[in-house]
Every structure is written in C-alpha cells, then in structure tokens.
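1. okay, structure incoming, though there's no sequence with it:
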C-alpha cells in the first residue's frame, strides 16, 4: 500500500501488479509538485442523468460562469502577485476515477496572502451554492491541516488525510476513520475514492464537519477578507513617462507582472533597456500608483542603477523626489522588458486579438455572465450608460476576457501584447496629466517596511496562537511579573523534565499538552533580574535554608529509578541488568575528569548541619577536608587529597547547560530556543556577551 500511495496516481510496479490481479484501488488527488502553486478543484452537484461528455462540460461551464459572477466584486480590482484565480472544466476521468469538476491552479509567488484569499473564495462559493464541494492543496499538501496542526486528532496525518479534507457549506470538513468495526459499513478504512468522499460529505449519515478549534484556526486566516484587500494596497508617487501612466490607469493590475519582471530580470533582459524603445525618459509626469505591499517592498528594496545609454537619471538620495524617480525608473524598465519579449509581428496579431476580445465581447457565455452580474447587484443599481456603469462594465469585460482566455498562461509575452495594445489604442493628453499633478494626494507612509524585534515577537506569538500576557500583567501591576526568584527556575526545570519524560513516536518529539494550561496559554512569566539573582545564588553555593540536606537529594535520586526487587531484596530480570549497566558506567566514568564538570552541592560538616543560621560560620579549608557527607558512586579522587563526594545538583546542571546552549546560538534558531519556546519560555537576547 505504501508503494502504491507513493506513485501518486501514476503508473508503477505496485499498480501494475494490482491491476493484473484485477484489483483497482482508489486514487488520491494528485500532489502539487510545483513550488508556490496552489491547486483547487470544485465539484458541483451535477444531475445523475448527465452521461454525454459534451453536455457535462457545457454544464460545468455554466456553473463556472455563475461562480465567477458571484466572485466578481472581489476579483475585478484584486492585484495578484503572479497568476490570477482561474477555472476550466474537466470532464470525467475514468482512468483516475475522478468525477467531472472545475480545476484551477494559481502561482502565488512571494505573496502567501493570495493563497489564503483563494481559500476565502472557496468558502464563499460553497456557502452560496448548495452541493458544491471544494478541495485545495499546494506543494506542502493539505496546508489547511498544517494551519490547524495544534488541534488535529492523532490519527490525522499526511498519510491518512488523502481524499478526506474538503470545504463544504462554507466550513472545513474532514472525513473520519472508523473507530470500531461497526463503522466500517459507513466509513472507509483506507483511502476513499473521490466520489465516495463527496457522497459522505454531502450526506447526512456521517458527521464530517471538522472540530471547532480546527475551523477556528482556518477562520482566523480568512476572516480579515475582503477588508484586507484594500488594507493591503499601498499608494505612492512615481515619476514616470506619461505613456506608462496611461497604461497603469487603463489597467492597474499590470503593475504586478511589471514588478515581477523587473525583480527577476537577467542580463539578456537588460539589453533591451539600453535603448528604452517604448518607455524612454520623455514627457515625464508625477503619478500616484497603486501597489500591493508585497510588490512595493520588492520594488523599493531593489538596488539598481540604469544604463547610461538609456537616458535615465535618478537624483541623489537627499533630493525629495529621489524615491518617486527611483520607483518610476524601475517600473519603466519592468514594462520595457515585458514589451521586448514579444516581436513586432506577434505584437500586431496579439493586439488585434486582444482588442476584439475586450471591445467585442459577445456570445452566449458572456451574456450569461453579464446577466449573473446584474442579478448579483454588481452594477449598484446604476443606469445603463452612466459613467459608473460604463466603468464597472469595462472592468467586468477585462476580467472575463482574462479568465476565459487565460492570457496569463501565455507568459510575459501575452502581457506585453496587452501593454502594446493599450499604447496604440488609448489616447494620451499630457497637458491633462500635468494639470493633475497639482491635485495628487500625498504618498502613504511606508514605515511598515521596518519591524522592531518586539513587533516581530508579537507577530510570531499571534501567529502561534499564544500571545504573551505576562508583560501586560507586569505593566498593569507596576512591578515584576514574578516576585519569587525560584518560581521561574522551577517552571523551566519542570517543563524540560516533562518534555524529556514524554514518550514520543518515531515521527518526532512531542511536547506534553498538559504543560501549562493557565489563562496565559502556558506561558511562563520570565523575569530577567530574578533569574540572574537566583542562578547566582545557586552557583555561589548560598543555601536557601537550614533544612536542606544531602539525604533528601539522595532519596530523590533513588526515586528516579523504580527497580523491582526479588524475594531476597535484590533487583531481578531487566532491572538487575539495568542496575549492572549503570554500575559499569559509574566505574568507567570514575577514571575520567567528567565529574569535575558537574555542579555539586556545597560541602557541609556534621556540626554545621545542626547549626542555626545565626551560628553558621564560613568554612575553612581544613573543615571542608574533614567532612564526610555521602555522594554518588563513581566520584574521582584528584591528586593525593581525596575530594569529598557530594551529590550532583541536577537542576543547576540542567539550567547551566541549557543556558550555555542558548547563548551559543547567538540569537539564531537552535535546539535550546526551540524547546524553551515550545514550553512557553522566552529568554532575552544575550546582549552583555560582546567581547
């Protein structure tokens, strides 16, 4: 079964053997192999009497037009990072046992929000259209489960989740596995077929709705839509050729491919920028350009000096117009590269086709799509022919033309055709552009580009669902979050011991869920001053009270190993073997210097043990040599004088080693910080260790 699953629906030795035996196992949805690509499948509830493939495809296209019309208010003005949301009909695939559906794939590039926006769109569609079931995954697999990893049941993992995770009725659904033999009648034990999974999700026999914590994790990522669409826009001034301003005003979404082309330029692309045939630095105007935050960050952080032969010159950084001129120069180079990737002959043919597609939109599908827009209130009750109605209609035509013809699949050459078409067909009034410069609103503040370490920590805590409340409590109370110096140390050592004692599987270490559990989400209130003072007290052998003695430590150490005794009081079986191994280890370590590396309890004489705190005096070297407290087996003698055997301070050594490991990471990620952060401990950076 593992060999068959690893084939991911392709031909292989396992499938060949099974098929020759007449065994046909269900096929899981193909895995996404391309990086930064999200694939989604929409399964409408089609009539069962549809058998003809042509009729099925036609019905799917009708459904697609309805879905796009429903999503048009969100999609028309949305600026995609790389590729837009798109769908096309897929007929029944009997070889892979896939029912008819609508398929789409979007390359989201560096903007992960595009992927989650598609998740939001699928939730909206399934909530609006009864019977519609959707699945979505990327190269990481079921990333929806990854987002809710802290709340998944133990049985749900990448191997058991095939064909079990869907979006239905605006919620996440997970098909459970049978927990007892009686459920085998209704629930599949192995990988269900797609049709079987769809029937279970749509049916009433089995509850497939995911648990509320899982659904809440998904909703946290998509609830900020659609408001986040406009919040993610960034408006700034750019000093660029008036022809480029015309292109961006006519179609603002072209900003994305231009930035991506400039961002991923190569030396061959820069050859076209020596002459700047289409966008030379002539008839320059100041224009307000709309970016997404991701695109603006990519463009503004690029260091680029134009070729002297291009004629572009950027003023010094002290000049107030430096940023606008620098951004305009980069945009012009990006659009120049786009136009250079299509030849003149192909540009002419492409522009005529584009003009016919946009201006002469017609056909049954377009009329059906237009009627769906009217039914959904897309035109806001505007009169036909009004200025706003015409603007909305043009936007709908451009969106429909892009979606149905899938121009993005043609690569940057198809986008270059669109740019050249706009340059040829749209008039340019430079006087009007010059006059509009006086009324430009100011550029938006871009201080969001810079994050402080505190802001980054808050973002990470919020993303992990474990916001730290200890600092807020400390600030409101006016003092330290923890007045007891030993409380934090006990919590750290207890947490690490609990983590070590936790039995994990071969799949990796697991952190105990029972650790923490307070209102702070298990976070430990860590006070720097208290920690340093307590650690200094321990390492300098200053005892906390007179009642501590070595006998308690010995008894605690003995309790760590619960050996089973025989009739004569001696360990038997595996316990005896373990005890023998431990004694052998002690003998081997006795001849080494490793014992000196451990922190031990301070030496005390019998007289000082019984003294009160007021009577205790500092020990002399002779009194320390005369002491006789008990110690563990294997303590080594140094030189001619045999050192007193003292119990090892286990907690002190634990804290010392974990702090040394944390300090050696120098602020970077590592095993010590990962374990501590998972236990809710957030140590400050070691800023004092600079020399």
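-> Looks like it came in fine. Since this is a predicted model, take the numbers as computed values, not measurements.

2. what is the helix or strand containing residue 492 packed up against?
-> Here residue 492 is covered by helix 485-501, with elements defined by DSSP states H and E. Helices and strands touching helix 485-501, as assessed by 3 or more CB pairs under 8 Å, 6 or more residues apart in numbering; DSSP states H and E, comprise helix 528-539, helix 650-664, helix 671-678. C-beta: built from backbone N, CA, C; applies to glycine.

3. mind redoing it with 6 Å?
-> With contacts defined as 3 or more CB pairs under 6 Å, 6 or more residues apart in numbering; DSSP states H and E, the packing partners of helix 485-501 are helix 528-539.

4. pretty sure residue 310 sits against residue 276.
-> Yes - using CB atoms under 6 Å, residue 310 is in contact with residue 276, at 4.8 Å.

5. gap between residue 161 and residue 180?
-> Per CB to CB, to the nearest Å, residue 161 is found 21 Å from residue 180.

6. which stretches of the stretch 251-400 of the chain form helices?
-> Listed in chain order, the helices found in the stretch 251-400 of the chain under DSSP state H, counting those that start in this stretch are 255-263, 267-271, 293-300, 322-340, 344-359, 364-375, 387-405.

7. which residues of the protein fall in strands?
-> Counting by DSSP state E, the chain has strands at residues 37-43, 88-90, 101-107, 133-138, 165-168, 171-174, 233-241, 284-292.

8. ok, now how distant is the nearest residue to residue 316 once chain neighbours are set aside from residue 282?
-> In this structure, residue 316 finds its nearest non-sequential neighbour in residue 322, 6.5 Å apart by CB to CB, 6 or more residues apart in numbering. Distance from residue 322 to residue 282, counting by CB to CB: 20 Å.

9. repeat for residue 671
-> Residue 671 sits 59 Å away from residue 282, going by CB to CB.

10. please apply the same query to residue 452.
-> Residue 452 is 43 Å from residue 282, where distance means CB to CB.

11. quick check: which ranges of the protein have low pLDDT?
-> The model of the chain has pLDDT under 70 over residues 1-33, 94-96, 343-365, 401-413, 464-489, 503-507, 509-573, 603-645, 679-680, 684-691.

12. which one of residue 322 and residue 282 has more residues nearby?
-> Between residue 322 and residue 282, counting by other CB atoms under 10 Å, residue 322 is the more crowded of the two (14 against 10).

13. just to check, the more buried one is in contact with residue 329?
-> No - Residue 322 is beyond contact range of residue 329, at 10.5 Å (criterion: CB under 6 Å).

14. picking that back up, right, and the helices of the stretch 251-400 of the chain - which one's nearest residue 594?
-> Proximity to residue 594 (CB to CB) singles out helix 293-300 among the helices of the stretch 251-400 of the chain, at 51.8 Å.

15. counting by contacts, list what that closest one packs against.
-> helix 255-263.

16. now the helix it packs on against strand 284-292, angle please.
-> Using axes from the mean of the first three to the mean of the last three CA atoms, to 10 degrees, the direction of helix 255-263 lies 100 degrees away from that of strand 284-292.

17. elements contacting helix 255-263?
-> Judged by 3+ CB pairs under 6 Å, 6+ apart, the packing partners of helix 255-263 are helix 293-300, helix 322-340.

18. that helix vs helix 293-300, what angle?
-> Using the same axes, to 10 degrees, helix 255-263 lies at 30 degrees relative to helix 293-300.

19. how far off strand 233-241 does helix 255-263 point, in degrees?
-> Angle of helix 255-263 versus strand 233-241, following the same axes, to 10 degrees, is 70 degrees.

20. in the helix ranked longest in the chain, which residues are buried?
-> The residue-count maximum for a helix in the chain (DSSP state H) belongs to helix 53-75. Within helix 53-75, the residues that qualify as buried are 56-57, 59-75, counting by 16 or more other CB atoms under 10 Å.

21. of the strands of the chain, which is nearest residue 207?
-> That would be strand 171-174 among the strands of the chain, by CB to CB, at 9.2 Å.

22. by contact count, what packs against that closest one?
-> helix 212-222.

23. so what does residue 100 have for phi and psi?
-> phi -60, psi 140 (degrees, to the nearest 10).

24. quick check, it in contact with residue 64.
-> No - using CB under 6 Å, residue 100 makes no contact with residue 64, being 11.9 Å away.

25. number of residues surrounding residue 393?
-> Neighbours of residue 393 under the rule other CB under 10 Å: 18.

26. which residue sits closest to it, ignoring its sequence neighbours?
-> Here the residue nearest residue 393, using CB to CB, 6+ apart, is residue 379, at 7.6 Å.

27. what about residue 90, distance to residue 256?
-> Counting by CB to CB, the gap from residue 90 to residue 256 is 27 Å.

28. hmm, I was thinking of residue 457
-> 31 Å.

29. more crowded one of those two?
-> Higher neighbour count among residue 457 and residue 256: residue 256, with 22 against 14, using other CB under 10 Å.

30. touching, that one and residue 83? I think so.
-> No - the criterion here is CB under 6 Å, and residue 256 misses it with residue 83 at 9.4 Å.

31. mutual contacts of the two, please.
-> Counting by CB atoms under 6 Å, 6 or more residues apart in numbering, residue 256 and residue 83 have no common neighbour.

32. hang on, the earlier thing: more neighbours: which of residue 161 and residue 180?
-> Shown here are residue 161 and residue 180; by other CB under 10 Å, residue 161 has more neighbours (20 against 7).

33. and the helices in the stretch 101-250 of the chain?
-> Along the stretch 101-250 of the chain, counting by DSSP H, counting those that start in this stretch, helices occupy 112-128, 143-147, 194-202, 212-222, 227-231, 242-250.

34. turn those helices into a markdown table, including mean neighbour count.
-> Converted to a markdown table, the helices of the stretch 101-250 of the chain look like this (neighbours: other CB atoms under 10 Å):
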| stretch | mean neighbour count |
| --- | --- |
| helix 112-128 | 21 |
| helix 143-147 | 19 |
| helix 194-202 | 19 |
| helix 212-222 | 17 |
| helix 227-231 | 12 |
| helix 242-250 | 21 |
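
35. in JSON lines, list those along with distance to residue 373.
-> Putting the helices of the stretch 101-250 of the chain into JSON lines (distance: least, CB to CB, whole Å) gives the following:
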{"stretch": "helix 112-128", "distance to residue 373": "15"}
{"stretch": "helix 143-147", "distance to residue 373": "30"}
{"stretch": "helix 194-202", "distance to residue 373": "29"}
{"stretch": "helix 212-222", "distance to residue 373": "24"}
{"stretch": "helix 227-231", "distance to residue 373": "19"}
{"stretch": "helix 242-250", "distance to residue 373": "21"}
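
36. out of those, which is closest to residue 495?
-> Set against residue 495 and scored by CB to CB, the helices of the stretch 101-250 of the chain come closest in helix 212-222, at 22.9 Å.

37. report the angle between that closest one and helix 112-128.
-> Helix 212-222 and helix 112-128 are oriented at 120 degrees to each other (the same axes, to 10 degrees).

38. can you list the buried residues in stretch 490-504?
-> 491-493, 495-496, 499.

39. possible to save the residues you listed as CSV with distance to residue 267?
-> Converted to CSV, these look like this (distance: CB to CB, whole Å):
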residue, distance to residue 267
491, 57
492, 54
493, 58
495, 54
496, 53
499, 52
